[in-house]
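**Q** Quick check, what structure comes out for this input:
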Amino acid sequence: MGFILFIFSACFAFFTGVIISDVNDFCVTRYRLKSKKIKKRVRFVQITDLHGKEFGPDNKRLVAAVDRLKPDFVIMSGDIMSGKNLGRTSESTVDTAESLIRKLSLKYPIYFAPGNHEQRVEWLPDLFSFTYKEMMERFAKAGATVLDNDEYIRRGDGICIKGLALHKDYYLKNRKGRLRLPFAYLDSAVGELDEKYFNILIAHTPEYIRDYAGWGADLTLSGHYHGGIMKLPFIGGVISPKYRLFPEYTFGMFNECGKKQIVSCGMGTHTLPVRVFNPGELVCVDLLPDRRTK
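**A** As a prediction, this is how the structure comes out:
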């Protein structure tokens, strides 16, 4: 009995240490892509699923990590605040997100598209002391280009960045499958693709990656799954926000329909602060001109 108790205590201590470490730390993951549409070398970082998390006072560690990477711009792919939380108010997570945007925007252009937690303020307005419009205006005044079913064209780079805000039905726990009439839906939401640009789609949930790729986005940036909460060797992420075990596209880079998709593990947590073998992730992407001739 004593030995069993010792083993249990040791395992408990080990996993508690892993969770504390992973919740409060992050790594940098780098990707490198080439395209004939890119006019010059461009580097950007992706921040997603921060949920109001602070790495050091006023996110000093996170800002320093971004500075070391020297990006040309920053993409925030949703859930930088938390629409449901234990121990903190949603207002405080908006304050944290706004402060981070203000600090980073002094040095870098920021392109922000909402995730389901930002959209929750619009879907369930009675639960919040502020409106969705007010929150988006705060982020914009802090320095972010808010892409709420909108686009921004960086003509000098040959890049078009589109930010998708999905209808709430696509986040429902019992919703399975694909987007309904995906090409028409995406065209109407963020505008038709212009093939002369390298089209980056900021789409918070990776669940519909096949639809984003089939539509023609050259690179889709997602998060939402938090890396599957727990990562297992040779298996990957364990659970999705819809409580489905071993979902596809929990983290990493994928290739669907000849297009690329990057899914970040995100940086924060909400409701229950748990990450196992799964520290936060700051993504850094280098886009390079492909000058190869056939």
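
**Q** average pLDDT for stretch 81-95?
**A** The average pLDDT for stretch 81-95 rounds to 86.

**Q** how about that stretch: buried residues?
**A** Buried positions in stretch 81-95, judged by neighbour count with 16 or more other C-beta atoms under 10 Å: 81-83, 85, 90, 93-94. From N, CA and C alone the C-beta is placed, and that goes for glycine too.

**Q** That stretch: how far from the chain's middle?
**A** Stretch 81-95 sits 17 Å away from the centroid of its parent chain (C-alpha atoms, centre = their mean, to the nearest Å).

**Q** For it, which outside residues touch it?
**A** Stretch 81-95 is contacted by residues 50-52, 96-97, 116-118, 120-121, 124, 127-130, 135, 138, 268, 270-272 when judged by C-beta atoms under 8 Å, 6 or more residues apart in numbering.

**Q** let's see it at 10 Å
**A** Stretch 81-95 is contacted from outside by 49-54, 79-80, 96-98, 114-124, 127-130, 134-135, 138-139, 268-273, using C-beta atoms under 10 Å, 6 or more residues apart in numbering.

**Q** Which members of those residues are positioned in helices?
**A** Residues of the contacts of stretch 81-95 located in helices (DSSP state H): 96-98, 116-123, 134-135, 138-139.

**Q** which one of those has the most neighbours?
**A** If you count neighbours using other C-beta atoms under 10 Å, the busiest of these is residue 97, which has 28 neighbours.

**Q** Name all residues that make contact with it.
**A** 47, 50-53, 59, 76, 79-82, 112, 118, 135, 138-139, 142, 144.

**Q** Please enumerate the helices of the stretch 1-150 of the chain.
**A** Taking DSSP state H, counting those that start in this stretch to define them, one finds helices in the stretch 1-150 of the chain at 2-23, 60-69, 90-105, 116-123, 132-142.

**Q** quick one: residue 226 from residue 270, how far?
**A** 9 Å (C-beta to C-beta, to the nearest Å).

**Q** Please read the previous query as pertaining to residue 199.
**A** Per C-beta to C-beta, residue 199 is found 30 Å from residue 270.

**Q** which SS class is residue 184?
**A** helix (DSSP: H, G, I helix; E, B strand; the rest coil).

**Q** tell me the contacts of it?
**A** Neighbour list for residue 184: residue 215 [criterion: C-beta under 10 Å, 6+ apart].

**Q** Quick check, residue 282 in contact with residue 44.
**A** No: using C-beta atoms under 10 Å as the test, residue 282 is too far from residue 44 to be in contact (11.4 Å).

**Q** I'd like the secondary structure assignment at residue 234, please.
**A** Three-state assignment for residue 234 (three-state DSSP): coil.

**Q** For it, give its distance to residue 246.
**A** On the measure of C-beta to C-beta, residue 234 and residue 246 end up 11 Å apart.

**Q** Just want to know which of the two has more residues nearby.
**A** Higher neighbour count among residue 234 and residue 246: residue 246, with 13 against 4, using other C-beta under 10 Å.

**Q** Out of the ones in helices among the contacts of stretch 81-95, which is nearest to residue 204?
**A** Closest approach between the ones in helices among the contacts of stretch 81-95 and residue 204, by C-beta to C-beta: residue 116, at 6.5 Å.

**Q** Pretty sure that closest one sits against residue 205.
**A** Yes: using C-beta under 10 Å, residue 116 is in contact with residue 205, at 7.2 Å.

**Q** joint contacts of these two?
**A** Common neighbours of residue 116 and residue 205, counting by C-beta under 10 Å, 6+ apart, are 78, 166, 170-171, 224, 241.

**Q** closest to residue 63 among those residues?
**A** Taking C-beta to C-beta as the measure, residue 63 sits nearest to residue 78 out of these, at 19.5 Å.

**Q** can you tell me which residues contact the closest one?
**A** Counted by C-beta under 10 Å, 6+ apart, residue 78 has contacts 47-50, 112-119, 163-166, 202-205, 221-224, 266.
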